[in-house]
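Trainee: Give me a 3D structure for the following:
(chains A and B)
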Number of protein chains: 2
Amino acid sequence: MASQSPPRNASAAAAVRTRAADAAEQPYFPDEPAAPVIRTAIPGPKSQEAIKELDRVFDTRSLNMMANYQNSFGNYIADLDGNVLLDVYAQIVSIPVGYSNPSLLLAATSPDMASAIINRPALGNFPQHDWAHILETGILKVAPPGCDQVFTAQAGSDANELAYKAAFMWRRRQERGGPEVEFTQEEIDSSMNNKSPGSPDMSILSFKTAFHGRLFGSLSTTRSKPIHKLDIPAFDWPQASFPSLKYPLEQHAEENAKEEARCLAEVEELLTTYHNPPAAVIVEPIQSEGGDNHASPAFFNGLREVTRKHNVLLIVDEVQTGVGATGKFWAHEHWNLRDPPDMVTFSKKAQTAGYYFGNPELRPNKPYRQFNPWMGDPARALLFRAIINEVERLNLVQNTAETGVYLYSGLENLGQKYPGEIQNLRGKGQGTFIAWDSPQTRRGSEEGEGCWYQHWGSGERAVRLRPMLIFQKKHADIFLEALEKVLKS
Amino acid sequence: MASQSPPRNASAAAAVRTRAADAAEQPYFPDEPAAPVIRTAIPGPKSQEAIKELDRVFDTRSLNMMANYQNSFGNYIADLDGNVLLDVYAQIVSIPVGYSNPSLLLAATSPDMASAIINRPALGNFPQHDWAHILETGILKVAPPGCDQVFTAQAGSDANELAYKAAFMWRRRQERGGPEVEFTQEEIDSSMNNKSPGSPDMSILSFKTAFHGRLFGSLSTTRSKPIHKLDIPAFDWPQASFPSLKYPLEQHAEENAKEEARCLAEVEELLTTYHNPPAAVIVEPIQSEGGDNHASPAFFNGLREVTRKHNVLLIVDEVQTGVGATGKFWAHEHWNLRDPPDMVTFSKKAQTAGYYFGNPELRPNKPYRQFNPWMGDPARALLFRAIINEVERLNLVQNTAETGVYLYSGLENLGQKYPGEIQNLRGKGQGTFIAWDSPQTRRGSEEGEGCWYQHWGSGERAVRLRPMLIFQKKHADIFLEALEKVLKS
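Mentor: Next up is the predicted model:
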């Protein structure tokens, strides 16, 4: 049979749906455990066996935990050996509203979803009749200020690359003299030979320690770790310094302002002098893979000014920061820009991907210039709509802002109790998007007293917290208690 | 609510599943229409309205038809105005076993699928416990000869790019002296600056008129149309001529053999002299976007020999040709290679993507070198498993081989009846993967007498047939009759 489950198992499917409908009316998760359960060292014996089997056909060297998602609920992830952990990493920041969320389960078992899964369209050629409605009640309902259009994609990497392509087309159209000016024969011929002027020697400016993906264009803008880049050909594109702020911020205001001015001057220098001229600057609101590096709203306002001044687009990469985790739906809303970014990319917690934009000039001047057969996935767009509804139903952006204040304050207290163990605590007022530097040499994502979080996986020695949007004060208490045990030991 | 359907609609969901289970036991499609229905010109009034709405938020200039997938069954696609067309294009070659296929519907409504949709893992870090089983009973069950490993991806473009990355890492490891040799400090530092030796000046060799995707690395190997490439920076990578064969093949055997030898010599010349040395050659079994350009098994055997001789990898791009359409599960099985390709990429009809490989040296020497958060999608892997089961249940590769012979012969007859209208008919013995050149200047994908197929959308003036694997002789009859009406008019 096509499915693992018995085909006649229709009443079981109905029961699942009825139960989900009941659960979806309750606040948070009826099935969520009350606390972590540790039964074995991780990986336990059953997990070890499963890892061995998987390794025959799939690289398992980056494997952290062999998960059982059917037994995972809310903030808790289960493995094969009966261990249940509070998940403060959330699948590399991409589970928004909890494992086995009943509202998402309802969406996932709806007839619309079934059709989207089995009848996947080539969206650019044969969109489904309700695609506009799905966009308007989902992806576009939460479009950032200044954006009313979207180009959908598969994941963060290609979302960024598609934004780069839009930027290059926009810039060349300006240089050419407008949308009506036809390509020259020289452009047409040289493009087929990967040579300028058809394939122009232009660039995207990114920041040192930035992460924007790992395909060839996006990797050329990624500067976080050599292991991502070694042996892979890259474009000769420029990088500017990202501010290296000193903490606590209150005590280093003048120094930090100078540092930000220095970085902005470097951006301006590169925009005006780099031999492969930048068509756009891409920036993360918080450099996440790079170790949670923050900058002030003043810096980002300055970046918007300097890009506008030099007629260069500003792309804000909200792949990791977007969808509520910083206490705003989009992290760049913290900046209060008067002049919005030109494009905003998203993925991860959205469970689908793409770039938002508002300026109609960012639609290429001809069809099929920005195009690919699938152009995203309506199934995943339906899921994002359900996620948005759940975020609204439970007021989860507000919850994350409030839980963040509570969690940050708990970490400040721990920092005072264990001086030196929690350095450069950062993310105040940024929801639960909190990190600090640790002198302890644990490497990667690990279990610590029933909690799973990332210790030294990003930047030089950062510990990053990336809980879901349903992380509440009670979960913060469990985490803080677990962390104290780790710090004590 | 999270879903458009009423949450309490559990019994309706159960009824859908019971009906699907009944239908899945029958041969082919109980709900498939008997013939096309044309009610209005396309787009009709309702479609025009929907297109107008969609255009406000989504570029519709490449739109062919506003589809209603809930009313589409088997080989037939429906629109909003009651038109039902025989679909001989199949969402740019990516619908394998028919719209609203009952076996796929069962898989799409299974508890495993629901969990895969709502609990999407970071596969490299937290794979689900049955991931090995899903791979072994699905993607790997149909692995091409010589391949027993897979790296999963999202779509054809990134599948190809990930294969390129594997090739570059493999080649540099050889140059470095093996997997145990560490990166030098110079490599580490230069890679962060996008410069050689860390980001090496190496290349992927592709063929003229090839199509391998539209992200920055894959687009650098795509050479089919300027509109794909204009204004986008590209790598300085080499291209070789692809054989330009003369038809009918029987009458031009000697000339064609010379042409293939010329192209192979060009490949060898580029492999040994190009200033950015190729780590791999990528080739399509049939250049599809380029206008359905074929080459003989002898050519591909020669390509395997010349790449092996110069220690360069051979990547076969089966994104469009794979999964049965040529009358073999993989088109390159027609070549009877003694020495298999190093990597085979897939997407489209598989409804998931990735690259197959067999040589363990193609696993990078360290973790996190070939990595991204999602690394594919278990939901789509479950769907591919259901597709494979359906292909086996209905013996669809065999069906496609047989229907192809019948269809080809019908086209030969039409060609004799309307001389000049069907030129360079090609794809004999390649299942339903059939094309010809037309002197008629219709452009793009269009409706012709109740059938939707691609006229002049690929290559210079090719008409491409890309039916699903469930296309039978009765459908071929409908298509041939419709085509004759078009040719007459």
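Trainee: In three-state terms, how would A:V319 be classified?
Mentor: Assigned with DSSP: H, G, I helix; E, B strand; the rest coil, A:V319 falls in the coil class.
Trainee: which ones are touching it?
Mentor: A:156, A:159-160, A:212-213, A:284, A:345-348, A:353 (C-beta atoms under 8 Å, 6 or more residues apart in numbering or on different chains). Where C-beta positions appear, they are placed from N, C-alpha and C, glycine not excepted.
Trainee: Go back to the residues you listed and keep what's next to chain B.
Mentor: Contacts with chain B within those, as defined by C-beta under 8 Å from any C-beta of the partner chain: A:156, A:213, A:348.
Trainee: Tell me if I'm right that the last one and A:S94 touch.
Mentor: This points to A:K348. Yes: contact criterion C-beta atoms under 8 Å: A:K348 and A:S94 qualify, at 4.0 Å.
Trainee: Of all residues in chain A, which one is nearest the centre?
Mentor: A:Q320 (2.2 Å; C-alpha atoms, centre = their mean).
Trainee: my guess is it contacts A:E284, does it?
Mentor: Yes: proximity of A:Q320 to A:E284 meets the contact threshold set by C-beta under 8 Å, at 7.0 Å.
Trainee: Lowest average confidence across helices and strands of chain A, where is it?
Mentor: Lowest on mean pLDDT, DSSP states H and E among the helices and strands of chain A sits strand A:444-448, with a mean of 74.
Trainee: Let's see the next helix or strand after that strand as CSV, backbone CA atoms only.
Mentor: Tracing the chain past strand A:444-448, the next element assigned as helix or strand by DSSP states H and E is strand A:451-458. C-alpha atoms of strand A:451-458 as CSV (Å, rounded to 0.1, in the frame of the first residue of the first chain):
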residue,chain,number,x,y,z
CYS,A,451,17.1,20.9,28.5
TRP,A,452,18.4,21.0,24.9
TYR,A,453,20.1,24.2,23.9
GLN,A,454,23.0,25.3,21.8
HIS,A,455,26.3,25.8,23.6
TRP,A,456,29.2,27.1,21.5
GLY,A,457,27.5,26.1,18.2
SER,A,458,27.4,29.7,16.9
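Trainee: Just checking: what are the partner strands of strand A:451-458?
Mentor: If you go by DSSP bridges, strand A:451-458 pairs up with strand A:84-87 (parallel), strand A:444-448 (antiparallel), strand A:462-465 (antiparallel).
Trainee: Could you list the domains of chain A?
Mentor: As assigned by the TED database, chain A contains the domains A:28-83, A:111-392, A:396-456+A:477-488.
Trainee: returning to what we had before: in TSV, list the ones next to chain B among the contacts of A:V319 along with distance to B:N293, secondary structure and pLDDT.
Mentor: Shown next, in TSV, are the ones next to chain B among the contacts of A:V319 (distance: C-beta to C-beta, whole Å; DSSP: H, G, I helix; E, B strand; the rest coil; pLDDT from 0 to 100):
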residue	distance to B:N293	secondary structure	pLDDT
A:G156	35	helix	97
A:G213	32	coil	98
A:K348	40	helix	97
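Trainee: Redo these as a markdown table? Include neighbour count.
Mentor: Formatted as a markdown table, those follow (neighbours: other C-beta atoms under 10 Å in any protein chain shown):
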| residue | neighbour count |
| --- | --- |
| A:G156 | 30 |
| A:G213 | 27 |
| A:K348 | 29 |
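Trainee: Relative to A:A107, which of the residues you listed is nearest.
Mentor: Distance to A:A107 across the ones next to chain B among the contacts of A:V319 (C-beta to C-beta) is lowest for A:K348, with 18.1 Å.
Trainee: Quick check: the closest one vs B:R120, distance?
Mentor: A:K348 sits 10 Å away from B:R120, taking C-beta to C-beta, to the nearest Å as the criterion.
Trainee: any shared contact partners between these two?
Mentor: With C-beta under 8 Å, 6+ apart as the test, A:K348 and B:R120 both reach A:S94.
Trainee: overlap in contacts of A:Q320 and A:E284?
Mentor: In contact with both A:Q320 and A:E284: no residue, using C-beta under 8 Å, 6+ apart.
Trainee: I'd guessed A:E449 sits against A:V486; true?
Mentor: Yes: using C-beta under 8 Å, A:E449 is in contact with A:V486, at 5.8 Å.
Trainee: how far away is A:A23 from chain B?
Mentor: 10 Å (C-beta to the nearest C-beta, to the nearest Å).
Trainee: Does that residue touch A:P30 like I think?
Mentor: Yes: using C-beta under 8 Å, A:A23 makes contact with A:P30 at a distance of 5.3 Å.
Trainee: of the two, who's got more company?
Mentor: A:A23 (18 against 12; other C-beta atoms under 10 Å in any protein chain shown).
Trainee: which residues does the residue nearest to that one when sequence neighbours are not counted contact?
Mentor: Among residues not flanking A:A23 along the chain, A:P102 sits closest, at 3.5 Å (C-beta to C-beta, 6 or more residues apart in numbering or on different chains). By C-beta under 8 Å, 6+ apart, the contact set of A:P102 is A:19-24, A:29-30.
Trainee: For ChimeraX, write a command that selects the buried ones of those.
Mentor: To isolate the buried members of these in ChimeraX, using 16 or more other C-beta atoms under 10 Å in any protein chain shown:
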select /A:20,21,23,24,29
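Trainee: hmm, which two among the contacts of A:P102 are most spread apart?
Mentor: A:A21 and A:F29 (14.7 Å).
Trainee: A:E136 is in contact with B:L54, isn't it?
Mentor: No: applying C-beta under 8 Å, one finds A:E136 not in contact with B:L54, separated by 9.7 Å.
Trainee: helix, strand or coil for A:P367?
Mentor: A:P367 - assigned by three-state DSSP - is coil.
Trainee: ranges for the strands of the stretch 101-250 of chain A?
Mentor: Taking DSSP state E, counting those that start in this stretch as the test, the strands found in the stretch 101-250 of chain A are A:149-153, A:203-207, A:239-240.
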